[in-house]
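1. give me a 3D structure for the following:
(one chain, ligands or ions: 1)
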Amino acid sequence: MNQEESLLETNPSFADNHGDAPEGLAFDLAGVSVDLATEGGKLSILQDVNFAMKTGEIVGIVGRSGTGKTTLLRVLGGLLAPTSGVARVYGQAIDGPPATVVTVFQDYGNALLPWRTVARNVGLGLERTMSKAEREARVDEALKMVGLHSRGNEFPWRLSGGMQQRVQIARALAMRPRILLMDEPFGALDAMTKAALQDELLKVKEQTGATILFITHDMDEAVYLSDRVFVIAGSPGTLTLQYDVDLARPRHQINTRELPAYLAARHELALALEVE
Ligand SMILES: Nc1ncnc2c1ncn2[C@@H]1O[C@H](COP(=O)(O)OP(=O)(O)OP(=O)(O)O)[C@@H](O)[C@H]1O
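-> Numbers count the residues shown, from 1 in each chain. Prediction:
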């Protein structure tokens, strides 16, 4: 399988994007544990993870390095089967990459196809389902969202790391997925770009009703974006806190961050991470 086919394989929604999200739960996990076989024997990565996410919810996951956050995202994206327990999407056990889910990976360098222009990378997932004109309009819109409208004809390897990350985000946004999984989506960006993209993401969520689960090492980002923040801690990783963020929407980059509820959320999360 070549790299192009493999991207379509792991993200079937690139080839099959449709419909409005059904009501109810997007994800529900019961007793999910993941063990991996390593040279040194069995390694327990995640243990007994239980949670549910409503359709249209946005949840940020925080936790120290190596606690299993990416592993959890891989389970939800259908790339890794749990060793025990069950993970469901819209009530169906996940047994491969679900057609409703688009994942934005952390290693953006490998996710982009170097022989395709930026625009053709962004349009990759729409080629099988959309006319050229429709696709070009979607690609234009997505590139505008991430501030790369003028770079569509270039090749990705000509862009900076942060820009390549934005191209990958644009590709996901162009799909208008029902569920978006993002692994440190804004990690490689400068503060201004990061703030602009956070607000774009919230706008997209508002407009499309997408369900979004993202990993971040930035506690402020987790609180600013999320309805709830999950803390994963320990080894093996367990879900130690599901914090409800009590902040109205729309949120504001300056005002929201000064509210008592914002500071309280930050405080609770910092404590939860400190006791690890
Ligand atoms: N394929 C693998 N084989 C062996 N160990 C693995 C494999 N994938 C992950 N691990 C181990 O599983 C643990 C959890 O990894 P994971 O990438 O899920 O953590 P993370 O919380 O996302 O970390 P980070 O915040 O640093 O990205 C780590 O100790 C990692 O070394």
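2. relative to Ala191, how far out is Lys69?
-> For Lys69, the distance to Ala191 under the criterion CB to CB, to the nearest Å works out to 22 Å. For glycine as for every other residue, the C-beta is placed from the backbone atoms N, C-alpha and C.
3. between these two, tell me which one has more neighbours.
-> Taking other CB atoms under 10 Å, Lys69 and Ala191 do not tie; Lys69 has more neighbours (23 against 8).
4. which residue packs closest to the more buried one, ignoring adjacent ones?
-> Nearest residue to Lys69 in three dimensions, chain neighbours excluded: Ile215, at 4.6 Å (CB to CB, 6 or more residues apart in numbering).
5. show me the beta-bridge partners of that neighbour.
-> Beta-bridge partners of Ile215, counted by DSSP bridges, are Ile61, Asp183.
6. so who does it touch?
-> Contact analysis of Ile215 by CB atoms under 8 Å, 6 or more residues apart in numbering lists 60-62, 69-70, 73, 182-184.
7. run through those and flag the ones next to the ligand.
-> Contacts with the ligand within the contacts of Ile215, counted by CB under 6 Å from any ligand atom: 69-70.
8. can I get the contacts of Ile215 in CSV with distance to Leu126 and pLDDT?
-> Formatted as CSV, the entries for these read as follows, by distance: CB to CB, whole Å; pLDDT from 0 to 100:
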residue, distance to Leu126, pLDDT
Gly60, 28, 98
Ile61, 28, 98
Val62, 33, 98
Lys69, 29, 97
Thr70, 27, 96
Leu73, 23, 97
Met182, 19, 95
Asp183, 22, 94
Glu184, 25, 93
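9. tabulate the contacts of Ile215 (CSV), appending distance to Ala119.
-> Shown next, in CSV, are the contacts of Ile215 (distance: CB to CB, whole Å):
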residue, distance to Ala119
Gly60, 30
Ile61, 31
Val62, 34
Lys69, 31
Thr70, 29
Leu73, 27
Met182, 21
Asp183, 24
Glu184, 25
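10. what's the ChimeraX line that selects buried ones from the contacts of Ile215?
-> This is the ChimeraX syntax for the buried subset of the contacts of Ile215, where burial follows 16 or more other CB atoms under 10 Å:
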select :60,61,62,69,70,73,182,183,184
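11. tell me which residues of stretch 93-105 come out buried.
-> Neighbour-count burial for stretch 93-105 flags 94, 97-105 (criterion: 16+ other CB under 10 Å).
12. how far does that stretch stretch from start to finish?
-> When the termini of stretch 93-105 are compared using CA to CA, to the nearest Å, they are 22 Å apart.
13. wait, which of the buried residues of stretch 93-105 is closest to the ligand?
-> If you rank the buried residues of stretch 93-105 by distance to the ligand using CB to the nearest ligand atom, Phe105 comes first, at 11.4 Å.
14. for burial, what's the neighbour tally of the closest residue to that closest one other than its chain neighbours?
-> For Phe105, the nearest residue in space outside its immediate sequence neighbours is Ala111; the separation is 5.1 Å by CB to CB, 6+ apart. Other residues near Ala111 number 22, with proximity taken as other CB under 10 Å.
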